[in-house]
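Novice: have a look at this prediction, sequence included:
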Amino acid sequence: AQSVTQPDIHITVSEGASLELRCNYSYGATPYLFWYVQSPGQGLQLLLKYFSGDTLVQGIKGFEAEFKRSQSSFNLRKPSVHWSDAAEYFCAFNTGKLIFGQGTTLQVKP
Amino acid sequence: DVKVTQSSRYLVKRTGEKVFLECVQDMDHENMFWYRQDPGLGLRLIYFSYDVKMKEKGDIPEGYSVSREKKERFSLILESASTNQTSMYLCASTSSHYEQYFGPGTRLTVT
């Protein structure tokens, strides 16, 4: 079955600390992969995407993600978290329609 | 920039009412989508459309219908609203199988 798993429902990090949000997918081929962010009460904003080529992709707001085919993973990272990064993060892939993970809520401690 | 707008940010309706949620995109995208978002369940696809007057059921179409009379507009219809349809509704559009662009969402409360 096609699915996306985000193992961490909630993550809390201190401001300035590094961040990694995990994402694993289940699909028969390499899909188009995305990370979206949703601030409270808002729609989803695209952070970054992977289609092919370089497996380390850069996105907006200082985020990056690395595609690892052998692990079927597409983890999101940021070297230094800011308080404004507190939000919900969704990993997704596209096979004609978007398949979303259940989301990870990031809390940032001052 | 792509802009996807939704007619209301917040909506309160009574059980049994007919509810219309409107979505408009300004980038001439062929594909449009309606999702609902609930805590712990993520985003679930209700309906989508690949062209004017075309519609396809998503994962949870029961209790909903859609209308796409013009390319830029995609409406979600709750024929008879029920309390279990209280949710955040998100519209999205795309021109391809790549990234989707989302509207700000409509938080619907059915009492």
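Specialist: Great, that's in hand.
Novice: which of the helices or strands spans the nearest residue to B:His29 once chain neighbours are set aside?
Specialist: In space, and not counting its chain neighbours, B:His29 is closest to B:Ser93: 4.0 Å by Cβ to Cβ, 6 or more residues apart in numbering or on different chains. Quick note: C-beta positions are derived from backbone N, CA and C, even for glycine. Here B:Ser93 sits within strand B:87-94, counting by DSSP states H and E.
Novice: what does A:Cys91 give?
Specialist: strand A:87-94.
Novice: and if you look at A:Thr12?
Specialist: Judged by DSSP H and E, A:Thr12 forms part of strand A:10-14.
Novice: the helix or strand just after the strand holding B:Ser93 near chain A at all?
Specialist: Downstream of strand B:87-94, the next assigned helix or strand under DSSP H and E is strand B:101-102. Yes - counting by Cβ under 8 Å from any Cβ of the partner chain, chain A is contacted by strand B:101-102 at B:Tyr101, B:Phe102.
Novice: ok and the helix or strand following strand B:101-102 relative to strand B:87-94, angle-wise?
Specialist: Later in the chain than strand B:101-102, the nearest helix or strand by DSSP H and E is strand B:106-110. Orientation note: strand B:106-110 sits at an angle of 150 degrees relative to strand B:87-94 (axes from the mean of the first three to the mean of the last three Cα atoms, to 10 degrees).
Novice: what about B:Leu11, neighbour count?
Specialist: 17 (other Cβ atoms under 10 Å in any protein chain shown).
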